[in-house]
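>>> Compute the structure for the input listed below.
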Amino acid sequence: PSAPSIAGFTASGTASIPAQTLTNSSSTPGYVTYAITPNAASGSCPAASRDYVIHVDPVPVMTSAANADVCSGSFFSYTIQSDVAGASFSWDRPLVTGVSNSAGSGSSPFVEETLFNVTTTSKTVPYNITITGPGTAACQSNAVVMNLTLHPLPTVDAGTDQTINYGTSTTLHGTASGETLPLNYLWSGGLASGANTPDPTTNILNNNTEFAFQVTDGANCTQTDFVWVYVTGTALALLPTASPAVICEGGATQLSANATGGSGAYNYTWTPATGLNSTTSAAPTASPSVTTTYTVEVNDGFTTMSQT
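Residues are numbered from 1 along each chain as shown. Have a look, this model is predicted:
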């Protein structure tokens, strides 16, 4: 034999070379040489010896990983590898219930696909791989299967679109479920608090705003849903008045804050309190004994504004 890795040969004999099963446990081609020496003579000359050579190519073995995993909808790239240099490769993937892709196949060492799991549970996708050696025997590998675990994406709902008043905030309400826990939440779009919870509070909004609700499960698969918060109305504004603006000593005038916009729910504070029948009314009566400038402060639950 050409190397110790070659086995199964018959070392010697006196008749035809017997049937035998030769093996090559290495990853490189080898051979067995049989030196045949005839016993008969041709006339007075002995017959010449001859060599009979049997090439023994190795059976390829897959050395790349036999298992992989990927999230539904993510690009999957896998390279088939063998211990035999110069080998060629082919693969096929059957239909799998719950996977929307049709069957697939290829004739290179590269498996590059985007598969879609349309269920809520992981699916095993088998890739049947054939490796063929480069020698004249074109030895093929034993049956090899690479199993791909195709994880489902989390189910995510960012909630119903909302409409709020100008200059106010709201609470969003997201829901999610997934096969592999834990679920990790991440809102974006402008949050005052709770960005990593299902129910965050937005910033005070002056414009229509879209919020993204991203959920990542324990298999590191991510799904995102979106929700809009629409803003209506105008900003909080004040236009305080006194009617009449000029009174006689001992007289009275009607003050009015004339608040508009914002949330529409107002709290009032008038200062100074001197001469007022109420400091928290939207329209108190003022009976000052001297010329007085009154200031009203209005809070709509989100914004505070004052005006004289």
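>>> When you work out contacts or count neighbours from here on, use the C-alpha atoms and nothing else.
Fine.
>>> Run a quick neighbour tally on Ser49.
10 (other CA atoms under 10 Å).
>>> Ala143 now?
Ala143, neighbours per other CA under 10 Å, totals 11.
>>> Please name the bridge partners of Phe89.
Ile131 (DSSP bridges).
>>> Tell me, how many residues neighbour it?
20.
>>> my read: it touches Gly133, true?
No. If you go by CA atoms under 8 Å, Phe89 and Gly133 don't touch, sitting 9.0 Å apart.
>>> dump the residue contacts of Ile209.
Rather than Ile, residue 209 is Thr. Contact partners of Thr209, counting by CA atoms under 8 Å, 6 or more residues apart in numbering, are 189, 228-230.
>>> Drop anything exposed from those residues.
228-230 (16 or more other CA atoms under 10 Å).
>>> Setting aside sequence neighbours, what's the nearest residue to Ser100?
Phe116 (5.7 Å; CA to CA, 6 or more residues apart in numbering).
>>> ditto for Leu22
Closest to Leu22 by CA to CA, 6+ apart is Gly8, at 4.6 Å.
>>> Kindly report the same for Tyr52.
Closest to Tyr52 by CA to CA, 6+ apart is Tyr34, at 4.9 Å.
>>> cool, Ser306 as well?
According to CA to CA, 6+ apart, the nearest residue to Ser306 is Glu297 (4.1 Å).
>>> Name whatever forms a beta bridge with the one you found.
Beta bridges link Glu297 to Thr269, Ser306, judged by DSSP bridges.
>>> my read: it touches Gln307, true?
Yes. At 6.6 Å, Glu297 and Gln307 qualify as touching, with contact defined as CA under 8 Å.
>>> Would you mind telling me which of the two has more residues around it?
Glu297 (19 against 14).
>>> What distance do you get for that one to Ser256?
Counting by CA to CA, to the nearest Å, the gap from Glu297 to Ser256 is 12 Å.
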